[in-house]
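Undergrad: Here is my input; please provide its structure:
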Amino acid sequence: MKDDVLAPEPLPAPMRETITPAAAAQILEKTRLHACNPRKLDPAHARRLARDMSSGGWDDHNPDVLSLCEHGAALQGQHRLEAVIISQIPRSFLVARNVPHTTATIMDCGKTRSAATALSLAGVEGHRKDISSTVRLLQLYDAERKQLPWPAWRSVTYTNAEIVRFFQVSYPELPDFLPMMTALKGGLYSAPAASLACAYLVYRDGGDTPLANDFFQSLVSGAHLDVTDPRWVARRWFSNPSRPRRGNTVSPLQLGLLLKTWNLWAAGGTWEIAYFRPNERMPDIVHAPATRTGNAAGSTTTGTRRKDKLAIPVRCRATDRTPDADHGTSMLQVHLPISQERVPA
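TA: Numbering: from 1, shown residues only. Here you go, the predicted model:
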């Protein structure tokens with residue numbers, strides 16, 4: 001005979017309430033006083049949520065429930081309450097009161113949504129993981145490179161809402177450079193985020209599309225390069241089996257090295273050994289000087305970018321190589337249009 005199972009007592013229905021900074025402080029004080037939530041408060045996470053609330057990235061229709069026990073302490077939602085205090089902005093939450101303490105053992109069991117998932121909800125169709133990682137890397141480059149050493153970038157975390165906002169406001173053209181990312185990964189075995197960020201920055205800030213085409217084509221293939229050419233030296237670094245391959249500093253390291261390679265090559269310099277040290281500042285993008293720009297067919301004057309085409313290098317089969325391709329792999333070119341835009345001075 002089956003044992004009788006008592007049905008659990010139904011919980012009160014959550015009600016939407018507006019929580020002011022003062023009310024949030026009272027709830028958190030009760031939480032500390034009664035020790036109802038053993039989970040330690042993460043100030044960095046609370047600050048990230050506060051940035052979303054202050055910048056407009058927070059949606060008051062968020063269905064996550066703020067769970068309060070019989071003492072009025074927070075069993076779930078203490079980081080949101082701390083964010084309300086930091087931002088000093090009242091927020092609307094679904095609030096469930098008189099929640100039993102035993103329910104805390106099954107809270108937060110769902111899988112956390114990634115930034116890639118958030119981008120899919122924003123309409124990004126493919127390579128969402130690579131694009132989300134690159135958006136983070138580009139934002140760090142644009143906002144932090146002059147204040148924060150690149151090895152410390154690993155300590156900077158953005159929320160999913162921030163990644164989506166950065167993409168939509170600052171980097172909406174990023175998917176156009178995915179073919180170049182694939183070419184760089186295939187030719188150099190470079191990290192996806194470093195490859196995509198390098199291509200985007202060079203075409204955005206380099207000032208000369210035909211010259212950038214020439215740079216990336218030879219960087220990917222290695223064909224007809226002198227041993228002192230920065231692209232040849234960079235290829236040797238990437239082919240070294242002992243180079244760093246894992247960790248959260250690999251993408252900034254590779255991005256810095258690739259940008260140094262562009263800067264040296266665009267300025268007509270040479271390189272004996274490729275390196276990018278932890279104490280080096282992430283380099284700015286060098287505009288191609290007039291002497292080198294004049295050698296590139298179809299080059300433009302500084303400050304204006306024509307409707308040139310982005311040439312994506314693609315490796316050919318061995319039978320398709322030209323007879324004079326002795327020092328590398330020849331390439332086909334897939335041409336993609338780049339819209340006319342202004343290049344920063």
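
Undergrad: Okay, and S67 sits in which element?
TA: Secondary structure from DSSP states H and E places S67 in strand 65-68.

Undergrad: quick one: average pLDDT of the next helix or strand after that strand?
TA: Following strand 65-68 in sequence order, the next helix or strand is strand 74-76 (DSSP H and E). Strand 74-76 shows a mean pLDDT of 89.

Undergrad: In terms of secondary structure, what does strand 74-76 contact?
TA: helix 21-34, strand 65-68 (3 or more Cβ pairs under 8 Å, 6 or more residues apart in numbering; DSSP states H and E). Just so you know, the C-beta spots here come from the backbone N, C-alpha and C atoms, and that holds for glycine as well.

Undergrad: Out of those, flag the one nearest R51.
TA: helix 21-34 (15.9 Å; Cβ to Cβ).

Undergrad: Give me the distance from the helix or strand just after the closest one to the chain's centre.
TA: For helix 21-34, the following helix or strand on the C-terminal side (DSSP H and E) is helix 43-55. Mean-position distance between helix 43-55 and its chain equals 18 Å (Cα atoms, centre = their mean, to the nearest Å).

Undergrad: then helix 43-55 to CSV, C-alphas only?
TA: Taking Å, rounded to 0.1, in the frame of the first residue of the first chain, the C-alpha atoms of helix 43-55 are listed here in CSV:
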residue,chain,number,x,y,z
PRO,A,43,30.0,43.2,-4.5
ALA,A,44,31.4,43.0,-8.1
HIS,A,45,28.3,41.2,-9.4
ALA,A,46,26.1,43.8,-7.6
ARG,A,47,28.0,46.6,-9.3
ARG,A,48,27.5,45.0,-12.7
LEU,A,49,23.7,44.8,-12.0
ALA,A,50,23.8,48.5,-10.9
ARG,A,51,25.5,49.5,-14.1
ASP,A,52,22.6,47.8,-16.0
MET,A,53,20.1,49.7,-13.9
SER,A,54,21.8,53.0,-14.3
SER,A,55,22.4,52.7,-18.1
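
Undergrad: And the strands in this protein, which stretches?
TA: 15-19, 65-68, 74-76, 91-96, 304-305, 309-315, 331-337, 341-342 (DSSP state E).

Undergrad: List the strands paired with the third one, with their directions.
TA: Meaning strand 74-76. strand 65-68 (antiparallel) (DSSP bridges).

Undergrad: Next, the contact list for the closest residue to S132 other than its chain neighbours, please.
TA: In this structure, S132 finds its nearest non-sequential neighbour in A115, 3.9 Å apart by Cβ to Cβ, 6 or more residues apart in numbering. The contact partners of A115, taken as Cβ atoms under 8 Å, 6 or more residues apart in numbering, are 132, 135-136, 158, 160, 163-164.

Undergrad: want to try TSV for the residues you listed, with pLDDT and neighbour count as columns?
TA: What follows is the contacts of A115, written out as TSV (pLDDT from 0 to 100; neighbours: other Cβ atoms under 10 Å):
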residue	pLDDT	neighbour count
S132	96	25
V135	96	27
R136	96	22
Y158	91	19
N160	90	21
I163	94	23
V164	93	21
